[in-house]
Every structure is written in C-alpha cells, then in structure tokens.
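Participant: Predicted model, plus sequence, below.
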Amino acid sequence: MEKRAIMAALLMAGLLILYQTLFMQPTEPPPPPKGEPAVATPAPSPAPALAPVPKPQPAGPVAAPTAPDRTAIVETPFYRAAISSRGGSITLWDVRFHGDQPMVLDGVLGPSGIRVVAPGRSEEPIRFRLSTDSLKLGAQSPSGELVLVGEDGFGLQITDTLRFRADSYVIEQNLKVENRQNVPQGADLQTTWSGPIVWPKDHDAFPGPRPLHIVRLSRGAFWAYRSSLTEDLKFSGTGAWIGFESAISHAGSLGQAGTYLVAFIPKSDGVRTMEAKTPGAAGAKNGADGRVELGLAITVPPLQPKQVWEAQYINYIGPMEFERLRALGVGLEKAIYFGGFPVPESKARDWGLPTLPMEWIAVPVGWLLQALYRLVPNYGIAIIILTIITKLIFFPLTVKSMRSMRAMQALQPQINALRSKYKSDPQRIQRETMELYRANHVNPLGGCLPMVVQIPVFYALYVALSVWVDIQNAPFICFGKAWSWVPFIGGHDVWICDLADMDHTYLLPILMGVSMLIQQKMTPTMGDPRQAKMMLIMPVVFTFMFLNLPSGLVLYWTLSNVLQIAQQLYMERSGTPAKPAARAMKKA
C-alpha cells in the first residue's frame, strides 16, 4: 500500500514537471518606464516581502491626444464665422453689416487662439476637440453653444464654452480648467488679436476694416484712452476692456474715425487686459513689419488634483453701434470718439482742461436721424427733414436777426455821419455808434444769432455722419460708378451713394457755394462797404472747405441756405422787417 502511494506521488510529480517543461513559457518582467533605471528582480526569500508604496511623481509632460484640425461654422443673421480646433481661434468672421465685411485676414489680421504661456514651454495654441461642426442660429434657434475640450500636455484639461446669439455680435466665453495631475499646478493663458502696425501694400485689396487705433478704458475712468498703432503704448491702470478700432479704407486712405470694433472684456478675477507691440525690422520705416497685439491674460491659480477653476470673458466683433455697445453695460460705447468742445476730449484729459463732450449733442442727433429713417427709409431724406425741423425751430431767431439787420441798415447813414465827424478819434466813433444802437434798441450781434445757434447742430451732424455707423454707406441719390476714364470721378460713385463720403462730382459743394452767394447778396449791407465786398469771397472759401466733407453734411448746409433764402423772401414780401427799421429812423 505504501509502495503504491509512493509510486503515485512520483508519477504525479513527473507529470507536473513534464507539463511545465513542455507547455509553460517563462514570463519576462515588464520593461522599466522610459527614463528610469531598470530595477533588478529580488531573489526569492523564505518570507514574502511587501511591495514598497510608490511616491507621487512631479507633474511632467503627459501625452495629449492628437487630432486633425477641425473647423466649426457658425451662421447667424449678423455674421458668418469659422472656429478652428487649433486654439479655438477665429479663422473667419464676416460681419453682415452694409454688405459682408471680413474682419480676419489669414496671417495678417486676426486672433491667435488660447495658448499656455510659460518659460521653456511651446506657445502653440491648445488642440481642442469640437462639440459640433456647425451651428446655425435664427428666429427658431436664438442662441447656441460650441464646446471646446483640450489638454495642455501637462495634466491640465481646458474646456472653453462659446455662447453665440442670433441678435448680437458678442461671444460669451466660459473657461474651465481642471488639474488632472496628482500634484498642485497652475498656468498662465493668453488669448489675443494681432494686426500690423503699417498695413502691408500687398494686401491693399482687402475689402474689410483695418485697425486704426488701440482703444482702452481703465476701470472707473470717464474717458477711453486711444492710441494710434504707431505710437508708444501709454496705458495705465486696470483695463475694463481693450480693443482695436478699425475702419474701411476710402480712396486709398483710412478715415479718422473707426466704424468697427474688436474688443476683449474680462468678467472674472484672474482675467486682465494686455497689450504688446513688436517693433519692425531694423531700418523699417514708421514701424513697417511691426505688429500690435492685444487681448486677455488669464492667470490660473495653483489647483489641487481634480480641482476645477472657471473664468468668464466676452468678445465683441462688429460695428460700433452706440446703443448696441452701451447695452453691454461695460462702457464699450466710449470706444466711439465724439470729440469735445472747445477742446477735444483726448487733449482735455492730457492737459486737465474742461470740455463739453460732443456725445451729448451728437447722440440725440443720431437718434433723431434713426427715428426719421424709420419713417422714410432714406438717410438723405431724413437729413432734409432734420434741416426743415431745425429751420422751423430757429425761425423766430431768423425773424429777429432780419429785423436787427434792417434796423442797422436804416441807421447806416447816421453811422457814416459819425465816422466823418469823428474820423480822427476811433474810440469816439465806437462810443457814439454804440450809444446810437442803444437809443434805437438795436443789437449789433443780432444778425449773427441764427448762425451761432446752428453751429452745435452743424457740428453734431458732422460727428454723427463721421461715427454713426448706420449712416456709413447709406445712399441718397445713387447713379452707380463712373467709367474709369472720366476725369476726377473715374471709378467712383457718380452721385451720393454714401452720405458719409465726399461728393466726388463736387456738384453738391458748388450748389452750396452758389446758394451761399445768393443768400449773401440778399442780406442787408451793413458797416464799411469795402468790408462788404470782401465778404463776397466767403462763398468761394466755404466751397473749397466743403469739397472733402461728408456729402450728408454738405446737403444739410445747402438746404439750410436755400430755406434761409426762402425765409428772407417771405419776410421781405410780408413787410415784417420794415417796421423796426422805420421805427429806428423815426427815433433817430
């Protein structure tokens, strides 16, 4: 029995050894991690040893999944945009305002996308995964979101949620950063928009707006600070927002006022405005080849493992419509430069002088033009109605002015007598003349009163035509373009296809000069006859002054002269001004 047990045990052991030899392959230990020394396999010991607990490793590069670049198309009634997975940058943004206006030119003008800024790290934009390839908004879909998710390669997952609205040029962005490493870490991010200091000549055919100024509003400031691209940046304080003011080129040169705005508006702590200038190559003229960059710098505080941090900011890319900018509630309407009276606001701020912001006058004039435009959908006719309203409001002053000039004309023989009597004493002539005016209740400045009170309206209309974007490219009586060989206007619109642009035919300024000459001929002659002859040159001077002014402004002034002539004819035929003159003669 014992022999059988021993034989069975030996057979079982032999079979086990044979099975292991023929069928079981030796297992190789796994290779050590890359960059770490190989660890020798410990020899077997009588007692099993506990494996050592691994220590946390410092944050290092983590292989981020790579994916081909994708683009999401966003369609709204206000713009058409393309958002790239490479940093979430905008590769296309065509504003649908007076036609399609491109705001981005690849390699020249546009955004950089979100990127991590740190010493020794590549500043390549973050590679995102897009939640959708298309987004179409309208009456049925008033808003929509595009979610971008990516990693920085060091354990931070970045989620950028872009919210678009069908009735706005605003992008609301919510940035979420999550630390997926096992040690605390933070980061510095940037999202910027850059453009050339001097627009390259090989891109003169670009039809969209080009940057004119950097505009920035400091928190708590009343004035927005603007700087041309060629000037040194002198901004100070914490910025409430920062942006590029841009305009479309007219006749090969940029205007003085911008009509489009690209702005960055921080809404959270840790997000601040930034601006930088890269000078051009050595010897480059006026900053040629140099670039200006502005946008937001985002500081992510140190995050514990699995901790999430969020921030919000806003982008505005669209026309500088006053009401639309003011509705954002961050003072973005201050990007519109209305000027100041009598000192421009920029000089008033730098010199510490008081000034009257022309916004207080220009904005009501712009509102009135918009209200009239709703009634008659033509801004030229709206300007005509505005001129008639202005003349009706100031008609009592016109009557008073005419009476004053007729009374002074009636006193002219007595004034000439005083000049002959006291020709050797100019001061006595002045005193006696003023005494004569007082005795006959004549105000020598009464004739200038209608002109003086119209100056604010005239200037406000000039500002409105310059900066009120609704009037930009607004036609009045448009005949299309002239042939290229036509002198002076070759290639330009024949007549008033843009009320904010000059009349390239010069017909309207000439009509203004003629109307001014007729008005001056009808005005009663006062004072020295030689001075009256000298005044005849004023219509010629005004004609040359008005040649390059906006045609809408020349239209206002021309019609104002015509209405003034009609008023003078009416008062002469009705005999209204004759009574004060006769009374003055009787008292004299």
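Facilitator: Yep, it's here. Residues are numbered from 1 along each chain as shown.

Participant: Please report phi then psi for residue 372.
Facilitator: Here the main-chain torsion angles of residue 372 (degrees, to the nearest 10) amount to phi -70, psi -30.

Participant: how about it, what does it touch?
Facilitator: Each residue near residue 372 by C-beta atoms under 8 Å, 6 or more residues apart in numbering is listed here: 381-382, 385-386. C-beta: built from backbone N, CA, C; applies to glycine.

Participant: dump the residue contacts of residue 102.
Facilitator: Going by C-beta under 8 Å, 6+ apart, residue 102 touches 92-95, 206-208.

Participant: go with 7 Å
Facilitator: Applying C-beta atoms under 7 Å, 6 or more residues apart in numbering, one finds that residue 102 lies in contact with 94, 207-208.

Participant: Tell me how many other residues crowd the residue nearest to residue 543 when sequence neighbours are not counted.
Facilitator: Once its chain neighbours are removed from consideration, residue 543 has its nearest residue in residue 513; the separation is 3.4 Å (C-beta to C-beta, 6 or more residues apart in numbering). The number of residues packed around residue 513, counting by other C-beta atoms under 10 Å, is 23.

Participant: measure residue 513 to residue 380 for me?
Facilitator: In this structure, residue 513 lies at 20 Å from residue 380, with C-beta to C-beta, to the nearest Å as the measure.

Participant: how does this protein divide into domains?
Facilitator: Domain assignment for the chain by automatic domain parsing gives 71-337, 360-587.

Participant: And those domains, which one averages the lowest pLDDT?
Facilitator: Summarising mean pLDDT across the domains of the chain, the least confident stretch is domain 360-587, with a mean of 77.

Participant: gap between that domain and the chain center?
Facilitator: Mean-position distance between domain 360-587 and its chain equals 34 Å (C-alpha atoms, centre = their mean, to the nearest Å).

Participant: secondary structure class for the closest residue to residue 187 other than its chain neighbours?
Facilitator: Taking C-beta to C-beta, 6+ apart, and ignoring the residues beside it in sequence, residue 187 has residue 300 as its nearest neighbour in space, at 4.5 Å. Reducing the assignment to helix, strand or coil with DSSP: H, G, I helix; E, B strand; the rest coil, the entry for residue 300 is strand.

Participant: Tell me the one among the contacts of residue 372 nearest to residue 324.
Facilitator: Among the contacts of residue 372, residue 382 lies closest to residue 324 (C-beta to C-beta), at 19.8 Å.

Participant: Give me the phi and psi angles of the closest one.
Facilitator: With angles defined as degrees, to the nearest 10, residue 382 shows backbone torsions of phi -60, psi -40.

Participant: So it is in contact with residue 376, correct?
Facilitator: Yes: contact between residue 382 and residue 376 holds when scored by C-beta atoms under 7 Å: they sit 6.1 Å apart.

Participant: which one of these two has more residues nearby?
Facilitator: Remark: of residue 382 and residue 376, residue 382 carries more neighbours, 24 against 12, as counted by other C-beta under 10 Å.

Participant: residue contacts, that one?
Facilitator: The contact partners of residue 382, by C-beta under 7 Å, 6+ apart, come to 369, 372-373, 376.

Participant: what about the helices in the stretch 151-300 of the chain?
Facilitator: Taking DSSP state H, counting those that start in this stretch as the criterion, the stretch 151-300 of the chain contains no helices.

Participant: still on that earlier bit, just the closest of the contacts of residue 102 to residue 317, please.
Facilitator: For the contacts of residue 102, the nearest to residue 317 is residue 94 (10.3 Å; C-beta to C-beta).

Participant: Tabulate the CA atom coordinates of the strand or helix carrying the closest one in PDB.
Facilitator: Secondary structure assigned from DSSP states H and E places residue 94 in strand 90-96. Listed next in PDB are the C-alpha coordinates belonging to strand 90-96 (Å, rounded to 0.1, in the frame of the first residue of the first chain):
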ATOM      1  CA  ILE A  90     -11.500  82.500 -35.300                       C
ATOM      2  CA  THR A  91     -10.300  81.900 -38.900                       C
ATOM      3  CA  LEU A  92     -13.400  83.600 -40.500                       C
ATOM      4  CA  TRP A  93     -15.600  86.400 -39.200                       C
ATOM      5  CA  ASP A  94     -17.600  88.100 -41.900                       C
ATOM      6  CA  VAL A  95     -19.900  90.800 -40.400                       C
ATOM      7  CA  ARG A  96     -23.200  91.200 -42.200                       C
END
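
Participant: what are the pairing partners of that strand, and which direction each?
Facilitator: Sheet partners assigned to strand 90-96 using DSSP bridges are listed as strand 79-84 (antiparallel), strand 100-102 (antiparallel).

Participant: Phi and psi next, for residue 434.
Facilitator: With angles defined as degrees, to the nearest 10, residue 434 sits at phi -70, psi -40.
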